[in-house]
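Trainee: Starting from these lines, generate the structure:
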Amino acid sequence: MFRKLIMATAVLALPLVLWQTAPAAENLPPAGTLIPKDAIVTLEISNPKALIEVVLQPKVTKALTALPAYKKAAAGKEFRQVLQLVRLLETMFDTDWQSGLKKLTGGGITLAVCPNDSVLLIVDAEDARMLQRIHEVFLNIARGEAEKKGQPGKVLSAEYRGVTGWTFNGKEAHAVIGRRLLVANRVEALKAALDRRAEPGGNTLDQSPAYKAAKKAARPDTVATAAVNMGLLKMHPPIEQVLSQDTNPLVSLLFSNILESLSESNWISLGLEAKGDTLSLLATLDDQSGGPSKRSAFAVPAKAEEGTLPNLIVPRRIAGLSLYRDLNAFYSAKDELFPERTSGLIFFENMMGIFFSGRDLTDEVMGAATPDIRLVVARQQYDPAVGTPQIQAPAVAVVIGLREPKEFAVVAEEAWQKAVGLVNFTRGQKALPGLIIDRSTHADTKFTVGYFSSAGEDTKTMLPVRYNLRPSLAVVGDSLIISSTDGLTKDLIDALGKQKAEPVAQTDSILEMDGSQLATILQANRDNLVRQNMVEKGNTQQQAETDIDLLVMAIKYLGQAKLDLARIDGHARASLQLKLNLSAAE
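Mentor: Residues are numbered from 1 along each chain as shown. Below you'll find the predicted structure:
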């Protein structure tokens, strides 16, 4: 049936293929003249060709076609039918589909999400005749499918403002005007766009000061930009709820600065750059607050030359997070940040009072730290003499700068041993083995480590999950290391001795991730993840294996990602760089 439909489409479209007189090309007004001024989100791909070349370069194509999900889809009947249609179109237009796609979108693509759940898509082609012919092809296909289902009335057309509008399913509405395609999710949205076209100069997006400012903030060489109207977006209850989450101490510590900037912003500008296998996204907020308030000042470098330190580099690193956070200023403002103290905060204060022998938590504990906090997550390398756990967890460590390392080292050691003792006491009540505390030395640095004895274990390949833990504490120079394993502690001692770090000016957060390392640890836990998928989702083993393999493959292709958060010229900025691992398919 589908083959007959394709052949019928080819016959019906043949006169169009032979038609040599192209519709008169008009000078298209900016897409913003068709979009309402109160659009919530607007995405503009100004250079689709550049983006297509990145997405469809041979390495990317090879990577995508190597995915299990792609292979599974390619073996299906529907995929083969779509492929037949693509080949037919390539023959009809005497071009390959990549070149055809560039011609159909080369003038730009704009997508706008508007109030009242309206969505408007504007595609500007380079070749008006090709756009008309493509529309006629899909019109014939839609008519054939509707007739086959006994619903021929679903494919309709009507005139409005001198333009012929169409719907293929009774829901969407679209129109072809010269080399411009307008598509809306509702008939009313298409009519409103045509009204703005017929009566220019009204309340359109291109007249919005916020939109103009957001466009200006984007870099000139971006291939795609997005403008977000925060004034409207903040009216939505789910967004409002997210922006008010800084009442949670951990959320406030990590995200207070960016949440405040979002709350005080009228717009967000996002610009995407594509070069080779690297995608870069820059987000800028207008932030009308005039600077950080007391609620977020602890997360903003006080001087222009100050900022967070670069992430530490260790073997098998999965992720690194570097933060500029003044813990003393953060905790000093706790009454303003958390006027109603949560049970979690009360528990934390009580425990800290025990661990630090009643020392003042604000000045004597938090005040002993510099604003430099670095978190490291790395894949473990297990000691063959001990064995490998059945579930392999990554090692995690936090490195905190100290103002007076020699004095605070003793305080930290006492608190750490009390914490281990509490763990042992709790486990002892349940008749579980406890941690043995020992001292070790690496690179002339003495540190404390706790470990579980492996004596009496029957196997070295399926050890209990507790053998992922060998908690340790060390002071190296002016840095305190608290790690889940002594192996990561040793790597950090080496890194701190070799890597001389200078602050990244005006930057308060740097997050880096390595997809290949994350994929490796997921692969090591594949059997456990498959079982978990089967239990939680009710999948068969084959379905679960496909899901997990797809996840691992996708993360492996992700490559390396880096996110920077900074405040420059009074504007909060976020820069995301993604370097794809296209060699994963080789």
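Trainee: Show the residue spans covered by the helices in the stretch 451-586 of the chain.
Mentor: Counting by DSSP state H, counting those that start in this stretch, the stretch 451-586 of the chain has these helices, from start to end: 486-498, 515-524, 526-537, 541-558.
Trainee: Export these as JSON lines, with columns for distance to Phe79 and mean neighbour count.
Mentor: The way it works is simple: take the backbone N, C-alpha and C, and place the C-beta from them, glycine included. Listed next are the helices of the stretch 451-586 of the chain as JSON lines, based on distance: least, CB to CB, whole Å; neighbours: other CB atoms under 10 Å:
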{"stretch": "helix 486-498", "distance to Phe79": "46", "mean neighbour count": "21"}
{"stretch": "helix 515-524", "distance to Phe79": "26", "mean neighbour count": "18"}
{"stretch": "helix 526-537", "distance to Phe79": "24", "mean neighbour count": "14"}
{"stretch": "helix 541-558", "distance to Phe79": "16", "mean neighbour count": "17"}
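Trainee: Roughly how far does the residue lying closest to Ala329 once chain neighbours are set aside sit from Ile521?
Mentor: Distance criterion CB to CB, 6 or more residues apart in numbering; nearest residue to Ala329, sequence neighbours excluded, is Phe298 at 3.9 Å. Separation of Phe298 from Ile521 (CB to CB, to the nearest Å): 33 Å.
Trainee: Check Leu361 too.
Mentor: If you measure Leu361 against Ile521 using CB to CB, the figure is 35 Å.
Trainee: Ok, Pro503 next?
Mentor: Pro503 is 31 Å from Ile521, by CB to CB.
Trainee: Ok, Leu492 next?
Mentor: Separation of Leu492 from Ile521 (CB to CB): 19 Å.
Trainee: Contacts only, for the closest residue to Pro48 other than its chain neighbours.
Mentor: Leaving aside its sequence neighbours, Pro48 sits nearest to Thr105 (CB to CB, 6+ apart; 4.2 Å). Counting by CB atoms under 8 Å, 6 or more residues apart in numbering, Thr105 touches Ile45, Pro48, Lys49, Ile52, Val123, Asp124, Ala125.
Trainee: redo that, cut-off 10 Å
Mentor: Thr105 makes contact with Ile45, Pro48, Lys49, Leu51, Ile52, Val123, Asp124, Ala125, Glu126, Leu131, Leu181, according to CB atoms under 10 Å, 6 or more residues apart in numbering.
Trainee: Could you list the buried residues of stretch 111-129?
Mentor: Neighbour-count burial for stretch 111-129, with 16 or more other CB atoms under 10 Å as criterion, is recorded at 111-114, 118, 120-129.
Trainee: Let's see which of those residues end up in strands.
Mentor: Leu111, Ala112, Val113, Cys114, Ser118, Leu120, Leu121, Ile122, Val123, Asp124 (DSSP state E).
Trainee: who's the fourth one bridged to?
Mentor: When assigned by DSSP bridges, Cys114 has beta-bridge partners Ser118.
Trainee: Quick one: find the helix or strand in the chain with the lowest mean pLDDT.
Mentor: When the helices and strands of the chain are compared on mean pLDDT, DSSP states H and E, helix 2-18 comes out lowest with a mean of 38.
Trainee: how far is whatever helix or strand comes next after it from where the chain is centred?
Mentor: Sequence order places strand 41-45 as the next helix or strand after helix 2-18, per DSSP states H and E. Its chain's C-alpha centre and that of strand 41-45 lie 18 Å apart, by CA atoms, centre = their mean, to the nearest Å.
Trainee: what does stretch 43-57 give?
Mentor: On CA atoms, centre = their mean, the centre of stretch 43-57 falls 19 Å from that of its chain.
Trainee: what secondary structure does Val398 sit in?
Mentor: Secondary structure for Val398, judged by DSSP: H, G, I helix; E, B strand; the rest coil, is strand.
Trainee: Report the beta-bridge partners for it.
Mentor: Leu375, Ile482.
Trainee: tally of neighbours for it?
Mentor: Residues lying near Val398 (other CB atoms under 10 Å) number 16.
Trainee: ok, now how distant is Gly178 from Pro29?
Mentor: As for Gly178, its distance to Pro29 is 11 Å (criterion: CB to CB).
Trainee: Name the single longest helix found in this protein.
Mentor: In the chain, taking DSSP state H as the definition, the longest helix is helix 405-429.
Trainee: what's next to that one, contact-wise?
Mentor: 351-352, 354-357, 359, 364-365, 368-369, 400, 402, 404, 432-437, 447-450, 452, 466, 469, 471-482.
Trainee: Let's see that with 7 Å instead.
Mentor: Defining contact as CB atoms under 7 Å, 6 or more residues apart in numbering, one finds that helix 405-429 is touched by 354-357, 368, 402, 433-435, 437, 448, 450, 471, 473, 475, 477-478, 480.
Trainee: One more: stretch 355-372?
Mentor: By CB under 7 Å, 6+ apart, stretch 355-372 touches 309, 324-328, 331-332, 349, 352, 400-404, 408, 411, 414-415, 418-419.
Trainee: rerun at 8 Å
Mentor: Residues from elsewhere that reach stretch 355-372 (CB under 8 Å, 6+ apart): 298, 301, 308-309, 322, 324-328, 330-332, 349, 352-353, 400-404, 407-408, 411, 414-415, 418-419, 478, 480.
Trainee: Stretch 303-310 too?
Mentor: So stretch 303-310 is contacted by 301, 322-324, 371-372, 374, 499, 501-510, 566 (CB under 8 Å, 6+ apart).
Trainee: ditto for stretch 27-35
Mentor: By CB under 8 Å, 6+ apart, the residues outside stretch 27-35 that reach it are 42, 44, 107-108, 110, 112, 114, 120, 122, 124, 178-180, 182, 193, 196-197, 200, 204-206, 211.
Trainee: Buried ones in it, by neighbour count?
Mentor: Under the neighbour-count criterion of 16+ other CB under 10 Å, stretch 27-35 has Leu28, Ala31, Gly32, Thr33, Leu34, Ile35 buried.
Trainee: Could you do stretch 156-167 as well?
Mentor: Buried residues in stretch 156-167 (16+ other CB under 10 Å): Val163, Gly165, Trp166, Thr167.
Trainee: returning to that earlier point: any chance of a ChimeraX selection covering the buried ones in the contacts of stretch 27-35?
Mentor: To isolate the buried ones among the contacts of stretch 27-35 in ChimeraX, judged by 16+ other CB under 10 Å, type:
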select :42,44,107,108,110,112,114,120,122,124,178,179,180,182,193,196,197,204,205,206,211
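Trainee: Let's see the pLDDT reported for the nearest residue to Leu473 once chain neighbours are set aside.
Mentor: What sits nearest to Leu473 in space, not counting adjacent residues and going by CB to CB, 6+ apart, is Trp416, at 4.4 Å. Turning to Trp416, the model gives it a pLDDT of 94.
Trainee: same check, this time on the one 10 residues further on
Mentor: pLDDT for Thr426: 94.
Trainee: From the structure, what's the count of residues near it?
Mentor: Neighbours of Thr426 using other CB under 10 Å come to 11.
Trainee: Repeat that for Leu480.
Mentor: With neighbours defined by other CB under 10 Å, the count for Leu480 comes to 21.
Trainee: Report how many residues lie close to the closest residue to it other than its chain neighbours.
Mentor: Distances taken as CB to CB, 6+ apart place Ile400 nearest to Leu480, at 4.7 Å, with adjacent residues excluded. Counted with other CB under 10 Å, the neighbours of Ile400 add up to 21.
Trainee: Same check on the one 4 residues further on?
Mentor: Glu404: 10 surrounding residues under other CB under 10 Å.
Trainee: what residues are up against it?
Mentor: By CB under 8 Å, 6+ apart, the contact list for Glu404 reads Ala368.
Trainee: Give me the pLDDT value at it.
Mentor: 94.
Trainee: ok, it to Ala329 distance?
Mentor: Distance, Glu404 to Ala329, using CB to CB: 18 Å.
Trainee: just Lys446 next, same as before
Mentor: The value you get for Lys446 to Ala329, if CB to CB is used, is 32 Å.
Trainee: between the two, which one's more packed in?
Mentor: Neighbours per residue (other CB under 10 Å) separate Lys446 from Ala329, with Ala329 holding more: 18 against 10.
Trainee: surely that one meets Ala297?
Mentor: Yes - contact criterion CB atoms under 8 Å: Ala329 and Ala297 qualify, at 6.4 Å.
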